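>>> Return a 3D structure for these sequence lines:
(chains A and B)
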Amino acid sequence: MKTVAVIDYGMGNLHSVAKALEYVATDTRVVVSSEPRTILSADRVVLPGVGAIRDCVSELHRLELDGVVKEVAKNKPLLGVCVGMQALLEHSAENAGTDCLAVMPGRLIHFKDAFADLRDTAELKVPHMGWNQAVPEDADHPMWAGIAVDARFYFVHSYFLPLAEASGICAARTEFGVEFCSAVTQGNVFATQFHPEKSAAAGLQLYANFLAWNGDN
Amino acid sequence: MGLAKRIIPCLDVDGGRVVKGVQFVDIRDAGDPVEVARRYNDEGADELVFLDITASHEERETMVHVVEEVASSVFIPLTVGGGIRSNDDIRRMLNAGADKVGINSAAIAQPEFVQEAATRFGSQCIVVAIDAKRVSTEGEAARWEIFTHGGRKETGIDAVEWARKMVAYGAGEILLTSMDRDGTRDGFDLELTRTVSEAVSVPVIASGGVGKLEHLAEGVLEGKADAVLAASIFHFAEHSVGEAKQCMAERGIEVRL
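Presented below is the predicted three-dimensional model:
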């Protein structure tokens, strides 16, 4: 039996993520762990995350899981979710600027800073909270299998990855005042700004796809 | 295309059972929160709100189990309100699988609680519930105040000022109920909804008074609500969530279909 490890570093939504994975898993065991050896020996790994980016990154460092995540990113399927996606990037403007794990390039900024130059954004409430589309850049990527191109996913976030920062790694685009990158992928790493575990059937399909994904494109 | 407006069915739970007569002909146990939640999920509900109306403190633990069970099989955001008074209450609900908690009277008793909770758990999971009643007389500029105990007890707090303050304290969302309209089926207090929605930078959920599908669309179009909440219109199977979304879509509102 295969295993998927959900990294437990004290940041929020890992139980929801684990429950969703359990719901779709047929021949995979779901393990919630903060133990480097357990994580490194799993077949695939999920990095969840909720809350402030600085807390997330500093907890990963404190638990010595930053190196573990980077190691996993080299050779097995890795899925980042929400702040877990943000942690995989280079930097976030949140908390007066936070260096992240830099598994992938990209710097996150706040919606309000992007809206400053636009008209007609008065009605856009931040955080970007609710159901929005994530339109695949490459609908043939195995992670999007069985998901309609206009499917909606559940988002809750205030910082985002601008398209200009995501060249070569953008896996989906979403429109909220500006068009931004709502999923990224590089080799065997895939990450979503939205919460598949809260996105009903489309989100469950994405988790099922991850459990079947061998890391190829 | 962009962000969809949300439709949120609200369930009252007493001692672990859904009350206020949910009536679905094809449901085995209309009192089972898991079955009802699944049903709404299948109909396309965007989120669910569970309001724990359990009176006795001892029975409150049952709500934790309800949330655990629902969160194991229904994968949309869950908000739990009713009796949330401490960081421990919040932690228990979030650990059980809730995504957000609704804070109402505890915020009035001690506004700093909202600040502490938002700092500790993040604004994204703190919903402040406001029960407001119109206090201005005809001819006067409209004004609303906060009422507690199901609308019976006045507090003298201005509802719009309170909403602003709660957002400043870290509330990530406002659940706004008109106590004048609640249970009347006459539609939302649209002026209240719009005034609060335009006063704060976070999403506002309109609640209280929905009697027909039109009302939901009005809440968004005229009330400027980001989400609309209803109970009886869905519980009695008069209309499904899917019909509600169809109605909103026909009026040009973006919804998740």
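>>> Need the pLDDT of A:Met12.
That one is not Met; residue A:12 is Gly. Here the pLDDT value assigned to A:Gly12 is 68.
>>> touching chain B at all, the helix-or-strand element of chain A with minimal mean pLDDT?
Sorting the helices and strands of chain A by mean pLDDT, DSSP states H and E puts helix A:111-115 at the bottom, at a mean of 90. No: counting by CB under 8 Å from any CB of the partner chain, chain B is not contacted by helix A:111-115; separation bottoms out at 9.0 Å. Using the backbone N, CA and C atoms, a C-beta is placed for each residue, glycine as well.
>>> What is that helix packed up against?
strand A:159-162, strand A:178-186 (3 or more CB pairs under 8 Å, 6 or more residues apart in numbering or on different chains; DSSP states H and E).
>>> Name the next helix or strand downstream of the last one, please.
This points to strand A:178-186. strand A:189-192 (DSSP states H and E).
>>> in its sheet, what does that following strand sit against?
In the sheet, strand A:189-192 lines up against strand A:78-81 (parallel), strand A:178-186 (antiparallel) (DSSP bridges).
>>> Could you list the residues in contact with the shortest one?
The contact list for strand A:78-81, computed with CB atoms under 8 Å, 6 or more residues apart in numbering or on different chains, reads A:13, A:17, A:44-49, A:69, A:72, A:86-88, A:188-192, A:195-197, A:210.
>>> Among those residues, name the ones in helices.
A:17, A:69, A:72, A:86-88, A:210 (DSSP state H).
>>> ok, back up a step: between the helices and strands packed on helix A:111-115, which one is nearest to B:Asp89?
strand A:159-162 (28.6 Å; CB to CB).
>>> So in that sheet, which strands flank that closest one, and in what orientation?
strand A:107-110 (antiparallel), strand A:178-186 (antiparallel).
>>> Report the beta-bridge partners for B:Val128.
B:Ile103, B:Ile174.
>>> wait, it sits on B:Leu175?
Yes: in terms of CB atoms under 8 Å, B:Val128 counts as a neighbour of B:Leu175; the distance is 7.2 Å.
>>> quick one: which of these two has more around it?
Ranked by neighbour count (other CB atoms under 10 Å in any protein chain shown), B:Val128 and B:Leu175 place B:Val128 first, with 30 against 27.
>>> which residues does that one contact?
B:Val128 touches B:102-104, B:107, B:114, B:163, B:166, B:171, B:173-175, counting by CB under 8 Å, 6+ apart.
>>> Any stretches of the chain with poor pLDDT?
Defaulting to chain A. A:12, A:117-122 (pLDDT under 70).
>>> I was after chain B.
Checking chain B against pLDDT under 70 turns up B:1, B:20-28.
>>> Against B:Phe121, how distant is the most centrally placed residue in chain A?
Centroid-nearest residue in chain A: A:Val81, 2.7 Å away (criterion: CA atoms, centre = their mean). Per CB to CB, to the nearest Å, A:Val81 is found 18 Å from B:Phe121.
>>> Which residue would be the closest one in the stretch 151-257 of chain B to chain A?
B:Arg256 (4.4 Å; CB to the nearest CB).
>>> farthest pair in the ones in helices among the contacts of strand A:78-81?
Pairwise over the ones in helices among the contacts of strand A:78-81, using CB to CB, the maximum falls at A:Gln86 and A:Phe210, 18.2 Å.
>>> any idea where the strands of the chain begin and end?
Because you didn't say which chain, this covers chain A. Taking DSSP state E as the criterion, chain A carries its strands at A:2-7, A:28-33, A:44-47, A:78-81, A:91-92, A:98-99, A:107-110, A:128-133, A:135-136, A:152-157, A:159-162, A:170-176, A:178-186, A:189-192.
>>> ah, I was thinking of chain B
B:6-14, B:17-18, B:48-52, B:78-81, B:100-103, B:126-134, B:144-148, B:153-158, B:173-178, B:204-207, B:227-230.
>>> circling back: any chance of the strands paired with strand A:159-162 in JSON lines, with mean neighbour count too?
Shown next, in JSON lines, are the strands paired with strand A:159-162 (neighbours: other CB atoms under 10 Å in any protein chain shown):
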{"stretch": "strand A:107-110", "mean neighbour count": "19"}
{"stretch": "strand A:178-186", "mean neighbour count": "22"}
